[in-house]
Every structure is written in C-alpha cells, then in structure tokens.
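A.B. asks: sequence-free structure coming up:
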C-alpha cells in the first residue's frame, strides 16, 4: 500500500507519521513551497530519512512508479482543490481528501461536482473527502445516532472549541486579538473563514435522512468580543429550514472562553442527547479518520463517493 | 413491502404499530398463545381492524401469499429461536430478528451458526439480528466512535438503567424484590437472565476492530441489595482479555437507584468520552432500529449478516 501525499503541510505531515506507524509505505509527496522541494519526507516529519522526497509536480512523483492512493490535504475550498483532484484523477489515481467543500460538494457546486464525477468515472477511480468536521461530529455521528429514532423533529449540534489551547494558525483563522472592524474586514476578504463545512454537513444529514428542505444556509462568522473590544472567538451557525421551520441547527463556536465539548440533541421519538466531554480533537482526529477510511475506501465502487457510502445504518 | 411478525408479544406489537405509521403492509403474524390465535392484528395493537390475523403456524400464514420479510421477536436465546429461523429460511423468507444471541452467534454457537449459514445460503435469503443492545449501545456505537482514533488501549461501556421506571416484566427479569437466596436460585434456574448480549457485543467489537483476545466472558447477574436485604437491581459485566489484560469492559446495571444513562469511554490516541444523558430507551429503540434496518437489509448480500455489514467506517 503505497501512499503519495498531495500537499505536505501540517495535516498531511501528521497523517504521514501515523501512516508509517501503521506500516503503510510512503511513495512521496508534492508541495509548492520552495523550502520543501527535494527534502526527505522522513526528515520533514522529524524521523529518520526515508529515501523519498517532496516533488514540485505530481508527474515527477509518479514518473517511475504509481502509488496506490493519493492523500490530499491542501485547502478547504473546492475552487482551489478542483484542478488538483482532476490532475490525480486524469493520472488514474484514487484520492482521499481532507477538502471540506469536497465532503459533500453537491449543494455549493452542483455543476462542478457533476463535471468531477464524469472525469472520475471516465478514469475508473474513486474519490472521497472526509474529516472530523465535516465528515464526523456534525454529520455522520448524528446520522448514525438517528438509527434509534422513529421520528425526527429537530436536530441541534454544537461543536465548542477552546481556542486558547489551539495552534497559532487556528487562532489566526478565527481572528483572535483583532478589533471588530479588523475582524469584519478580514471576514469580507475571506482571510477569516472560521469553519468551512456547515453546508456540507447539512447536505449529508438531509440526504441520509431523506429530509425535505426549502433552504440550507450558513451565517458569516460572528465575533465574540472581550470587555476591551478585542475578538476572543467566533460563532457560526448553519441551518436547514423546511416550510419556514428550522429542522437542523448547527452551532460552531471557537473561543478562548469556551470548553472543548461536542453536543448532539435529536428531538423526536425518542429524544436523545449525546455529549462528548472534552470534544473530539480536530487535526488529530482528522488524520485518524483519513487513515481509518483507507481500507473501506478501497472496497467502494468507483466514482465520487461520500461518507454515506460507508454508513448504511440510520433512520430510513 | 409486506411484513409478517413471528411472535406477537410486546416488542413485535410496538414494531407493528410503528410499521403501520410508516405505511408498511402487515401480512399477518404467528404466535403460539391460544388467546391470540385468529384475533385481528389491528385490534390487538389497539387500532382499527386490519383484516389480517394471528396464525398458529407459519405455513398457514403464508399459504395464499408470501410476505417480503419476517420480523422475528420471540426469545433472547438461539437454542429457542433456531428452529423458528430455520423454518422461515426453508420457506425462502428473509428474516430480521431481535434475538440477542443471534446478533453475533459465532462465539457461543460456532457450529450452530455454521449450520444456519449453510441453510440460509442454500435458500438464497438473508438473516440479520439487531437491537438496541446488543446491536447499538454497547457495540455498533463504540465501533463507529473508534473512527476518530489512531490507537485503542481500552474500551469501557456502561449502560445504566433506572429499573423503577420500567415495565413489570423487566422488573421480574432482574429479580426486583427477591431475597439474595431467591435471586441466586432464580439465576441458576435461568429465570433471571438480566441481560443477554454482552458476549455478542464483545464479539462484534473485537471483529470490527480486529482485536486479538484470549478470552471473552460475562459474569452471572450480581444482585444489588437494599438495606432490608431485598434485591433492588443487578449488575453484569462482560470482559475481553488479551495477554491477561482487560481490553474491553462492559458494565450493565439496572436498579431502582440508578439513573438512565449510557457511557462510552475509549482510551487511546486520543481518549474520547461519550455520555448519552437519559440513556437510549430499550424496547422503543429496539423497535426503531429494526424498522430502520429494513431498507439497508434489503440491499445486503444473501447470507447470515451482522450489523457490521451496515457499518464500514471504524478504526481499521
């Protein structure tokens, strides 16, 4: 099982380390950062030399031999990752990606998804995007919990993250320390995205549970301010509405004042409330879910797949 | 979609009511209780007459037309249900059963399971047993949660049931009100079983997560006594050991003094702790999971299936 890493930033380095522990073979990596090109992958992840390196281009990395799988982690946005995924597909490589917008691309990008699907089928490969969120906490876990219900009235999911414990890049991503005006400008310039995935989670839930809806939307990031008017965190909401009634409410909150905890409340017959004390850690769990997807992924039918292909048991 | 109910006791009546709400067609039922024979199913479940009745024998119920599916709920024990399942299979009927020991029969009954499997394949049907426990709380839910882990050291699952809220038949099943001696006699005579399913849950988890083990066992029911020395509840433990170390601990507790709550703690990389406040209600959720299994069940390959066939995403 030979893996190539497309993008060799933080997440793929975590995955590469864990993949080695699980005895997968690393075939190489590609990245555009000049300081990484031609470096040994083992050295980058703080281990002994592996004799495989970071290439600038995919074609260089697969010139001599093809890997069995691409693990792709470059960006949350499909308009950035689209050509990268297509490049792999055209080279007849199957891909597991962390790209949040690719986890369920059919709502934000219906025509792009169709185009991608066509190319994937033409080349007889499989592509799946998955992660801890979207992919688990706010979608596949509540979908699986619905198995014990006979009727669903409302779903509320809250993911609360203690931002004070997180790495600086995450703190920057949510605008910690900015003024309200700086925050709003950063949001408008899409420098602050906070969380990408609420629309995708709503799409997965509504598809799995065959829910009708009139509208699926998410709010912009809303700043949480300290007494001295600096941003200490953000909130984002995602909603699914049917006949003007809220059916799903997703709440993402990351702040210096919040505890790490995930909560899922499903109201219906019966009601169930699930809390994950201490929450599920983001980066680490994303790496784990990617690795745990490899074996079932290889048994999936060719095509553009979603986590729903791996999860047949739910309210139906 | 025409369903026949094999056994028309408490659980199958709940399922029948919910099945009607979901617009499934009830084809009939079979039961051995003389007071039920020839009664209209609608009347038994407190609704209007349905024009279908309870038969004494399966052959009578399928004489004119065959149903699409048998929902079987008669006993927790495979030595009692075995011939009933075989009877359905020989009549080329697929079966979803609530039989606890059939949820994962390969540990307690390896040769019986093989025989059953042979007969099922010969007749080209599918058989699945599932329920809330075994089938969900103590096995498929923790198996699904393992998706976010990279390494599993220990799994602890506690299902705590407030016996004071439960129906009398449940209270009898756990020996409420008996003396310690009466309790022990009842356990030895298998009148008190408390909970059937710990071995089956351990089998499901160890198979899904490819865990090695030297021993899987469950304790007898242990009485919880009040000050005046009467039984107010029971505890049962299930354990999986590898190299003399406990890897999985299942704790089932049902008592008048306990709260309804389910807890799953997985220790490893990372640790996760999930609590279901108020627990998942037993009978009702069993009925729901059976109904929610119907559609995915019909897409399964023929054979003796388990919940693992519906749940491909987990630590792997």
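C.D. replies: Yep, that arrived. If you're wondering where the values come from, they're calculated on a predicted model, not measured in any experiment.
A.B. asks: and the stretch 1-150 of chain A, which residues reach chain B?
C.D. replies: Residues of the stretch 1-150 of chain A lying near chain B by C-beta under 8 Å from any C-beta of the partner chain: A:18, A:21, A:132, A:136, A:140-141, A:144-150. Quick note: C-beta positions are derived from backbone N, CA and C, even for glycine.
A.B. asks: try 7 Å this time
C.D. replies: Contacts of the stretch 1-150 of chain A with chain B, taken as C-beta under 7 Å from any C-beta of the partner chain, map to A:18, A:132, A:136, A:144, A:147, A:148, A:149, A:150.
A.B. asks: Please produce a PyMOL select command covering the buried subset of the residues you listed.
C.D. replies: Listed next is the PyMOL selection for buried residues among the residues of the stretch 1-150 of chain A next to chain B, using 16 or more other C-beta atoms under 10 Å in any protein chain shown:
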select buried, chain A and resi 18+132+136+144+147+148+149+150
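A.B. asks: could I get the residues of the stretch 1-150 of chain A next to chain B as TSV with secondary structure and pLDDT?
C.D. replies: Shown next, in TSV, are these (DSSP: H, G, I helix; E, B strand; the rest coil; pLDDT from 0 to 100):
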residue	secondary structure	pLDDT
A:18	helix	97
A:132	coil	97
A:136	coil	98
A:144	helix	98
A:147	helix	98
A:148	helix	98
A:149	coil	98
A:150	coil	97
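A.B. asks: just the residues of the stretch 1-150 of chain A next to chain B now: which is nearest residue A:231?
C.D. replies: Nearest to residue A:231 among the residues of the stretch 1-150 of chain A next to chain B is residue A:132, at 24.1 Å by C-beta to C-beta.
A.B. asks: Test my guess that the closest one contacts residue A:280.
C.D. replies: Yes: in this structure residue A:132 lies within contact range of residue A:280 using C-beta atoms under 7 Å: 5.9 Å.
A.B. asks: Quick check: neighbours shared by the two?
C.D. replies: Listed as contacting both residue A:132 and residue A:280 by C-beta atoms under 7 Å, 6 or more residues apart in numbering or on different chains are residue B:148.
A.B. asks: Do you have the strands of chain A handy? List them.
C.D. replies: A:2-6, A:25-30, A:54-55, A:69-72, A:95-97, A:126-129, A:151-162, A:215-218, A:222-225, A:231-242, A:245-255, A:261-269, A:272-277, A:303-305 (DSSP state E).
A.B. asks: Can I get these in TSV including distance to residue B:29?
C.D. replies: Listed next are these as TSV, based on distance: least, C-beta to C-beta, whole Å:
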stretch	distance to residue B:29
strand A:2-6	54
strand A:25-30	57
strand A:54-55	66
strand A:69-72	50
strand A:95-97	47
strand A:126-129	43
strand A:151-162	24
strand A:215-218	42
strand A:222-225	55
strand A:231-242	36
strand A:245-255	35
strand A:261-269	23
strand A:272-277	30
strand A:303-305	40
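A.B. asks: Now render the ones you listed as TSV, adding distance to residue A:287, mean neighbour count and mean pLDDT.
C.D. replies: Below are these laid out as TSV (distance: least, C-beta to C-beta, whole Å; neighbours: other C-beta atoms under 10 Å in any protein chain shown; pLDDT from 0 to 100):
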stretch	distance to residue A:287	mean neighbour count	mean pLDDT
strand A:2-6	12	23	98
strand A:25-30	14	21	97
strand A:54-55	18	20	98
strand A:69-72	10	26	98
strand A:95-97	11	25	98
strand A:126-129	14	25	98
strand A:151-162	17	19	97
strand A:215-218	25	16	97
strand A:222-225	28	18	96
strand A:231-242	23	20	97
strand A:245-255	19	21	97
strand A:261-269	18	19	98
strand A:272-277	18	19	97
strand A:303-305	20	19	98
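A.B. asks: Quick one: closest of those to residue B:302.
C.D. replies: Comparing those by C-beta to C-beta, strand A:303-305 comes nearest, at 24.4 Å.
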